[in-house]
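A.B. asks: How does the following fold in three dimensions:
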Amino acid sequence: MRDGRILVEALRKPASVEALAGSQWADLISIARAESLIGTLAHRLESVAVPDRVRAILQDAVGAHALARQQALWEADCARRALADYSGKIILMKGTAYVAANLSAGEGRSIGDLDIMVDRKGLPEVEAALLDAGWEWVKPDPYDDQYYREHMHELPPLIHRERDRMIDVHHTILPLTAGPTPDAAAILESAVALDNGLYIMAQADMVLHSIAHLFADGDLAGGLRNLWDINHLLRDFSDANGSFWNELGIRAEKHGLTPELARALRLSAALYDTPVDPSLAGKAAMSDAFYVRRLLARDGYGREARKFTRLAFYVRSHWLRMPPLMLARHLWTKWRKGGKAGS
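C.D. replies: Residues are numbered from 1 along each chain as shown. Presented below is the predicted three-dimensional model:
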């Protein structure tokens, strides 16, 4: 059965694409687009011989990424200027952090919303400053607003009324109702300053944030891209820092993410040949194969496949976020609201 493995092979061994036939190229491009990895693939295949029609697609992707990178950095600077009077640290997260720090994980990476993290105590000041600078609420519904503020790791999303760009303001890296409880204060304390006055997470925390986002707070949608981020971060940081693996293990324990770290290391090694510390990765688990099946769940047209597997991870994602009674109450409330909206 055709699935996402064709994309995984192309990313980890770019020269392997030279053996692809016509229909396989169509599969590869479709799946790469669906997984938001077309820009990354384009960069990986820059020095590989590909058909002319494919080269044109990849060149377009490189150009689109260059524009997205510029927009992401501009949006980060807009937020910096809007929060100029805020005295706390403003930490860039995810794709914007990767490109701002010139990390290899940012090469070709798609970047959507601007994600930042601030001290929870500073949320009222940050919120007021952003609203004053032109951002407004995406979800004005009172229930959603209350749910975000009481249970989530971020404010309700905001969008700028003129630039139509979204910002997510985090105060930690996992929902407050999730099982693991990362130490947000430690993340802020260890953050590294950039030249423009913004911050990025320290190396281990940056890796663990990506791991938490993938394995402790979602249904693995877009997982191949997130795991590719993890692969690059692990390679770069372990090459540059001789004590990285030790620091990573210590921080994982501090944030309550040791099992998630082990899973991420095993899957990154399995799919992308990432060199990992075996003592942190631990022994292979039978469930690893189920995770791989979910990560590769695309057909040759880029459509989502393996419905039962995706459903299982969707249910798992909600189970991770909330205790059973809270989950039942939340789903009931959302169902009632949806019913009223449609009546």
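A.B. asks: so the residue nearest the centre of the chain is in which element?
C.D. replies: In the chain, the residue lying closest to the centroid (CA atoms, centre = their mean) is residue 226, at 5.2 Å. Assigned by DSSP states H and E, residue 226 belongs to helix 223-240.
A.B. asks: Can I get that helix in CSV? Just the C-alpha atoms.
C.D. replies: Output in CSV follows, covering the C-alpha atoms of helix 223-240 (Å, rounded to 0.1, in the frame of the first residue of the first chain):
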residue,chain,number,x,y,z
GLY,A,223,3.7,14.3,12.6
LEU,A,224,6.2,13.7,9.8
ARG,A,225,7.1,17.4,9.7
ASN,A,226,7.3,17.6,13.5
LEU,A,227,9.5,14.5,13.7
TRP,A,228,11.7,16.0,11.0
ASP,A,229,12.1,19.1,13.2
ILE,A,230,13.1,16.8,16.1
ASN,A,231,15.5,14.9,13.9
HIS,A,232,17.3,18.1,12.9
LEU,A,233,17.4,19.6,16.4
LEU,A,234,18.9,16.4,17.8
ARG,A,235,21.6,16.3,15.2
ASP,A,236,22.5,20.0,15.4
PHE,A,237,22.6,20.2,19.2
SER,A,238,24.3,16.9,19.8
ASP,A,239,27.0,17.8,17.3
ALA,A,240,27.6,21.3,18.8
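A.B. asks: Please pull up the helix or strand immediately following it.
C.D. replies: Counting by DSSP H and E, what follows helix 223-240 is helix 244-255.
A.B. asks: now the angle between helix 244-255 and the helix holding residue 226, please.
C.D. replies: On the basis of axes from the mean of the first three to the mean of the last three CA atoms, to 10 degrees, helix 223-240 is oriented at 130 degrees to helix 244-255.
A.B. asks: Specify the local secondary structure of residue 116.
C.D. replies: Using DSSP: H, G, I helix; E, B strand; the rest coil, the structure places residue 116 in strand.
A.B. asks: Please apply the same query to residue 197.
C.D. replies: Going by three-state DSSP, the secondary structure assigned to residue 197 is coil.
A.B. asks: Need the phi and psi values for it.
C.D. replies: Residue 197 adopts backbone torsions of phi 100, psi -10, taken as degrees, to the nearest 10.
A.B. asks: Could you tell me how many residues sit around the closest residue to it other than its chain neighbours?
C.D. replies: Nearest non-adjacent residue to residue 197, counting by CB to CB, 6 or more residues apart in numbering: residue 80, 6.4 Å away. For glycine as for every other residue, the C-beta is placed from the backbone atoms N, C-alpha and C. Using other CB atoms under 10 Å, residue 80 is surrounded by 17 other residues.
A.B. asks: who touches residue 80 in this structure?
C.D. replies: By CB atoms under 8 Å, 6 or more residues apart in numbering, residue 80 lies in contact with 90, 196-198.
A.B. asks: farthest-separated two in those?
C.D. replies: Maximum pairwise distance among the contacts of residue 80 (CB to CB): 10.1 Å, between 90 and 196.
A.B. asks: Residue 280 touches residue 261, doesn't it?
C.D. replies: Yes: contact between residue 280 and residue 261 holds when scored by CB atoms under 8 Å: they sit 6.2 Å apart.
A.B. asks: List the residues that are in contact with both of these two.
C.D. replies: Shared contacts of residue 280 and residue 261, defined by CB under 8 Å, 6+ apart, are found at 248-249, 252.
A.B. asks: List buried residues within these.
C.D. replies: Buried members of the shared contacts of residue 280 and residue 261, scored by 16 or more other CB atoms under 10 Å, are 248-249, 252.
A.B. asks: Looking at residue 280 and residue 261, which is more packed in?
C.D. replies: Higher neighbour count among residue 280 and residue 261: residue 261, with 27 against 17, using other CB under 10 Å.
A.B. asks: Now do the same contact list for the closest residue in space to the more buried one that isn't next to it in sequence.
C.D. replies: Once flanking residues are discounted, residue 261 sits nearest to residue 252: 4.3 Å by CB to CB, 6+ apart. By CB under 8 Å, 6+ apart, residue 252 lies in contact with 204, 208, 258, 260-261, 280.
A.B. asks: Could you check how far residue 252 is from residue 180?
C.D. replies: Counting by CB to CB, to the nearest Å, the separation of residue 252 from residue 180 is 10 Å.
A.B. asks: what about the strands in the chain?
C.D. replies: Using DSSP state E, the strands found in the chain span residues 91-92, 114-117, 135-137, 158-160, 166-170, 192-193, 199-200.
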